[in-house]
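Trainee: Dropping a prediction and its sequence here:
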Amino acid sequence: MSGNFATPWQVLAILDSVVSEYRLFALNAQAGVPVRAGVLLESVFVGPGMRGTEGLRYFPCRLSLVPSLLKGTLPPDVVLVHTSTPVAGTVSLGMEVNIMPAAIEAVRARGGLVVAQLNPRMPYTYGDAVLTPDDIDYAIEVDAPLAAPPMRPVPELFQAIGERVAALVPEAATLQLGIGAVPDAVLAALTGRRGMAVWSEMFSDGVLALERAGALDPGSPITASFAFGSAELRDWIDRNPRVLMLRTEKTNDPGLIARHPRMVSLNGALQVDLFGQANAARVHGLIYSGFGGQTDFVVGALHSPGGQAIIALPSWHPKAGVSTVVPRLAGPVTSFQHSFIVSEQGTAAIWGHDAVSQADHIIGQVAHPSVRDELREAGRGLGFRLS
């Protein structure tokens, strides 16, 4: 089913009331998905609705490859989508295109069903979002508000990170930014730029602020695979030819990403280590989210002429009371070989530096001062010739 903030809740409730046992696959599922005996939850990117649930089946997979997963290993029997109401005989997937076109093709190939929840609150967007009546077997009309992530002021710490990241972004860059305090802070610091473009897995209200500030190139469409944000953002993208929503195989294709000059990929992490590796998926060995599109965009940006792959995170985890810079990741690596790693402490240049210099930069520029000495000692134990 459609995930993120486009969950077709009413259709899902009907299905759950009449089908006793089924597998449910969704990306970044929000709170409220059925968690009961008989429902087996599956995902490649775990959201709060599935996180920590017993029996969760997590499939490690780059987001760009999920369509292949659906066509091979995990073919669906039924696909639930959340769409707009009809416009000129078609409906739109609106804010959540993502893997849904591939899911529809996969279920069609095996004679399964596509059930749509038609909602006038869902904006009509263009590109791969558009569906014809032939794509849908059954449709249920609802008039239900769309959920949105909470809008919070950006803390001062993240503003400092955002300003450091913004200083690395060249003029006329193409941006990939996700959701959260750091991307919001970066976008706020870029409103004075001109000629910028957006080619991203997703976008939120910060991109609307760039558009209104005149920072974006009017000749380049804002291209993404899904979006979520405020009602104001939804109203803006509704039937807006400036916004092009494409399927995941296109937005997250590293080869297509690399075609954009000065591609700047900004992603967060839970931890980084002295080898320049980032963990954005697991906490204490347990799955927290997943690869998402991070690996796709890191590779694509590094191959872009003048491109940069940036990892940004605070140097200290305030709730856990631990450093986010560790000697070596204890769990799987989400991505590696970045251009820069940034925290509120500073910016560590990674690309083009030898391994010892990389480790030295991470300790001296990214890590919290209280742990730098122990990181140096641990680094020497890992074979780094650190002073």
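Mentor: Cool, got the structure.
Trainee: where's residue 180 relative to residue 267, distance?
Mentor: 10 Å (CB to CB, to the nearest Å). Just so you know, the C-beta spots here come from the backbone N, C-alpha and C atoms, and that holds for glycine as well.
Trainee: Touching both of these two, which residues are there?
Mentor: Between them, residue 180 and residue 267 share no contacting residue under CB atoms under 8 Å, 6 or more residues apart in numbering.
Trainee: which one of these two has more residues nearby?
Mentor: Applying other CB atoms under 10 Å to residue 180 and residue 267 shows that residue 267 carries more neighbours, namely 28 against 15.
Trainee: all helices for the protein, in order.
Mentor: When assigned using DSSP state H, the helices of the chain occupy the ranges 9-18, 66-71, 100-109, 156-166, 181-188, 205-213, 231-237, 248-251, 254-258, 294-303, 355-361, 372-381.
Trainee: Excluding covalently adjacent residues, which one is nearest to residue 380?
Mentor: Of all residues not flanking residue 380 in the chain, residue 386 sits nearest, at 5.6 Å (CB to CB, 6 or more residues apart in numbering).
Trainee: pLDDT weak spots in the stretch 51-200 of the chain?
Mentor: Judged by pLDDT under 70, the stretch 51-200 of the chain has no weakly predicted residues.
Trainee: Show me where it has its strands.
Mentor: Here the stretch 51-200 of the chain has its strands, by DSSP state E, counting those that start in this stretch, at 57-58, 78-83, 91-92, 113-118, 126-127, 130-131, 138-141, 174-177, 197-198.
Trainee: In JSON lines, list those along with mean neighbour count and distance to residue 147.
Mentor: What follows is the strands of the stretch 51-200 of the chain, written out as JSON lines (neighbours: other CB atoms under 10 Å; distance: least, CB to CB, whole Å):
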{"stretch": "strand 57-58", "mean neighbour count": "16", "distance to residue 147": "23"}
{"stretch": "strand 78-83", "mean neighbour count": "25", "distance to residue 147": "11"}
{"stretch": "strand 91-92", "mean neighbour count": "24", "distance to residue 147": "18"}
{"stretch": "strand 113-118", "mean neighbour count": "21", "distance to residue 147": "14"}
{"stretch": "strand 126-127", "mean neighbour count": "18", "distance to residue 147": "23"}
{"stretch": "strand 130-131", "mean neighbour count": "20", "distance to residue 147": "22"}
{"stretch": "strand 138-141", "mean neighbour count": "13", "distance to residue 147": "18"}
{"stretch": "strand 174-177", "mean neighbour count": "28", "distance to residue 147": "21"}
{"stretch": "strand 197-198", "mean neighbour count": "22", "distance to residue 147": "23"}
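Trainee: So which of these is nearest residue 100?
Mentor: Comparing the strands of the stretch 51-200 of the chain against residue 100 with CB to CB, the closest turns out to be strand 78-83 (5.6 Å).
Trainee: just checking, what packs against that closest one?
Mentor: helix 9-18, helix 100-109, strand 113-118 (3 or more CB pairs under 8 Å, 6 or more residues apart in numbering; DSSP states H and E).
Trainee: Tell me which of the ones you listed sits nearest to residue 86.
Mentor: That would be strand 113-118 among the helices and strands packed on strand 78-83, by CB to CB, at 7.5 Å.
Trainee: and that closest one with helix 9-18, angle?
Mentor: Per axes from the mean of the first three to the mean of the last three CA atoms, to 10 degrees, the angle that strand 113-118 makes with helix 9-18 is 140 degrees.
Trainee: Start the count at 59 instead of 1 going forward.
Mentor: Got it, first residue is 59 now, which makes that one strand 171-176.
Trainee: Surely residue 252 touches residue 268?
Mentor: No. Using CB atoms under 8 Å, residue 252 is not in contact with residue 268; the gap is 10.3 Å.
Trainee: Which one's more surrounded, the two?
Mentor: Legend: neighbour count by other CB under 10 Å for residue 252 and residue 268, higher for residue 268 (20 against 11).
Trainee: Pull the contacting residues for the spatially closest residue to that one that is not a sequence neighbour.
Mentor: Spatial nearest neighbour of residue 268, chain neighbours left out: residue 274 (5.3 Å); criterion: CB to CB, 6+ apart. Contact analysis of residue 274 by CB under 8 Å, 6+ apart lists 254, 255, 256, 265, 268, 280.
Trainee: Thank you, goodbye.
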